[in-house]
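K.L.:
all I have is the shape, not the residue letters:
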């Protein structure tokens, strides 16, 4: 990897108005075991929430509950005071989710994958595909099928997808998986930029991600 | 950074549908050898009948509608499992279900692409297989039309089964067992249309009934499919 300074692709305008993600009395049961109950959390624009816990304590379950992919056994998640399960909530357009499975098709190139996934967003992504890959220093991988990329490169592509998303809330499950130290640095930088622009981030990570001046909260499971 | 100014544009539902279909076609193009499997299966299955039932042209002509329709049904069934398999495994399905656009539309696009790839070639090839089975010339319109109307209904109904079973590790024949009974009405009216056409009876009525099944599955199946996928990803 070359060590040229990062091109500064920063949002021209931040997000406007306040935003709030809130969880109330969340309970999650897997099989016969109660992973967590009466869980409360809240975060506003410009703040990050890191979900902490050992393996098997339900970090991924909570992440999936926040995305609405899984329904909590008890309790509600609300976005701007509206329950995300309300039919009129239109919550899906407000967050970008990166799970353990990165959402990239092996046969397609990063350009094709990001083009398709960009169309699933509420509006056109604010940053071009090439520019977003440049951010993660994989601009040269634009037209190589994802199957031929390493796990770390694929994770960078998946993060580029999140970065160019117009969504205000990022929900990241282990975003630093397979990344090398420089890439974790880039990840920390773009997360910080997103928060400074008024975004929100919920994430889990076993690696330390230094968010610099931004307020980060913890939720211990 | 030219694209930055475009941040307020919302892709139209049609754009999302179109991009989704072209993406699936592009994926299939990269795996072209796999894409030919249902077609080869269809041809082989149909070819087996004259070998087993004997080459008597009159007998084959009587069997032809049934053979073609059962072979089409089986090949549809065979590829159904792959409809959401890769998307489930690589996480694309999670992205689809958390999309800001109507999920019904996106999964409908997936089924449409799947039909274009797996069933449309069968319809084309059925013309040649019809010759092999001694199908009279006046029966070809009925055969092609009934397959054109019946196979999308099979793809739509089958997709619900595929959605329900995509999360299971040991699926085996479960998908076929769920879906096959639901194919019975399509098989009855489809084969009946071709049969009627051979004896120069009214074949439009069964075709219209087939069309009614297609309309019904086109309007209801996508919603059931989304519910099935959500359950699988739960």
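P.N.:
Here it is on my side, so go on. Since we're looking at a predicted model, the values are computed, not measured.
K.L.:
from here on, just use CA atoms for contacts and neighbour counts.
P.N.:
Fine.
K.L.:
ok, residue B:206 - contacts?
P.N.:
Taking Cα atoms under 8 Å, 6 or more residues apart in numbering or on different chains, we find residue B:206 in contact with B:189, B:190, B:192, B:193.
K.L.:
what's the spacing between the nearest residue to residue A:144 once chain neighbours are set aside and chain B?
P.N.:
Counting by Cα to Cα, 6 or more residues apart in numbering or on different chains, residue A:109 is the residue found nearest to residue A:144 once chain neighbours are left out, at 5.2 Å. Going from residue A:109 to chain B by Cα to the nearest Cα, to the nearest Å gives 10 Å.
K.L.:
ok, residue A:109 - how many residues close by?
P.N.:
Residues within reach of residue A:109, counting by other Cα atoms under 10 Å in any protein chain shown, total 21.
K.L.:
hmm, residue A:148 and it touching each other?
P.N.:
No: contact status for residue A:109 versus residue A:148: not in contact, 9.3 Å apart, counting by Cα atoms under 8 Å.
K.L.:
how much space separates the residue nearest to residue A:144 from residue B:218?
P.N.:
32 Å (Cα to Cα, to the nearest Å).
K.L.:
all helices of chain A, in order?
P.N.:
Using DSSP state H, the helices of chain A run over A:59-67, A:110-119, A:129-135, A:151-164, A:181-196.
K.L.:
what kind of secondary structure is the closest residue to residue A:120 other than its chain neighbours in?
P.N.:
On the basis of Cα to Cα, 6+ apart, the spatially nearest residue to residue A:120 that is not a chain neighbour turns out to be residue B:99, at 5.3 Å. Of the three states, residue B:99 takes coil according to DSSP: H, G, I helix; E, B strand; the rest coil.
K.L.:
which residues are in contact with residue 100?
P.N.:
If you meant another chain, say so; for now it's chain A. A:173, A:174, B:91.
K.L.:
to clarify, I was referring to chain B.
P.N.:
With Cα under 8 Å, 6+ apart as the criterion, the residues that contact residue B:100 are A:90, A:91, A:92, A:93, A:94, A:120, A:121, A:122.
K.L.:
how about a cut-off of 10 Å?
P.N.:
Contact analysis of residue B:100 by Cα atoms under 10 Å, 6 or more residues apart in numbering or on different chains lists A:90-96, A:119-123, A:167.
K.L.:
now swap in residue B:119 and tell me
P.N.:
When contacts are counted by Cα under 10 Å, 6+ apart, residue B:119 is found next to B:38-39, B:42, B:72-73, B:75-76, B:79, B:113, B:147-148, B:150-152, B:154-155.
K.L.:
among those residues, which ones are in helices?
P.N.:
B:38-39, B:42, B:72-73, B:75-76, B:79, B:113, B:147-148, B:150-152, B:154-155.
K.L.:
ok, which pair from those residues is furthest apart?
P.N.:
When these are compared pair by pair using Cα to Cα, the farthest-apart members prove to be B:42 and B:113, with a separation of 18.9 Å.
K.L.:
which helix or strand in the chain has the lowest average pLDDT?
P.N.:
Because you didn't say which chain, this covers chain A. Within chain A, confidence by mean pLDDT, DSSP states H and E is lowest for strand A:216-220 among all helices and strands, at a mean of 87.
K.L.:
let me rephrase: I mean chain B.
P.N.:
Every helix and strand in chain B was compared by mean pLDDT, DSSP H and E; the lowest is helix B:32-35, with a mean of 86.
K.L.:
packing partners for it?
P.N.:
Applying 3 or more Cα pairs under 10 Å, 6 or more residues apart in numbering or on different chains; DSSP states H and E, one finds that helix B:32-35 makes contact with helix B:13-30.
K.L.:
give me the angle between the helix it packs on and helix A:110-119.
P.N.:
Here helix B:13-30 points in a direction 150 degrees away from that of helix A:110-119 (axes from the mean of the first three to the mean of the last three Cα atoms, to 10 degrees).
K.L.:
now do helix B:13-30: distance to the chain's middle.
P.N.:
Centroid displacement of helix B:13-30 relative to its chain, using Cα atoms, centre = their mean, to the nearest Å, is 17 Å.
K.L.:
quick check: mean pLDDT across that helix?
P.N.:
Confidence over helix B:13-30 (mean pLDDT, whole number) is 94.
K.L.:
contact partners of it?
P.N.:
Contact with helix B:13-30 is made by A:105-108, A:112-113, A:115-121, A:145, B:11-12, B:31-32, B:34-36, B:101-102, B:105-114, B:116-117, as judged by Cα under 10 Å, 6+ apart.
K.L.:
what are the buried residues along that helix?
P.N.:
Within helix B:13-30, the residues that qualify as buried by neighbour count (16 or more other Cα atoms under 10 Å in any protein chain shown) are B:16, B:17, B:19, B:20, B:21, B:23, B:24, B:25, B:27, B:28.
K.L.:
stretch A:208-220 too?
P.N.:
Along stretch A:208-220, these residues count as buried under the neighbour rule (16+ other Cα under 10 Å): A:209, A:211, A:216.
K.L.:
out of those, who's nearest residue A:33?
P.N.:
Closest to residue A:33 out of these is residue A:216 (29.7 Å), distances taken as Cα to Cα.
K.L.:
the closest one against residue A:191, yeah?
P.N.:
No: the pair residue A:216 and residue A:191 does not pass the contact test of Cα atoms under 10 Å, sitting 11.2 Å apart.
K.L.:
need the residues touching each of the two.
P.N.:
Residues touching both residue A:216 and residue A:191 by Cα under 10 Å, 6+ apart: A:48, A:201, A:210.
K.L.:
which ones, among these, also lie beside chain B?
P.N.:
Intersecting those with the surroundings of chain B, defined as Cα under 10 Å from any Cα of the partner chain, gives nothing.
K.L.:
tell me which of the residues you listed has the lowest pLDDT.
P.N.:
By predicted confidence (pLDDT), the lowest-ranked of those is residue A:210, with 89.
K.L.:
which residues touch that residue?
P.N.:
A:184, A:185, A:187, A:188, A:189, A:191, A:192, A:216.
K.L.:
which one of those residues is nearest to chain B?
P.N.:
residue A:191 (18.7 Å; Cα to the nearest Cα).
K.L.:
how many neighbours does that closest one have?
P.N.:
Burial of residue A:191, expressed as a neighbour count using other Cα under 10 Å, amounts to 23.
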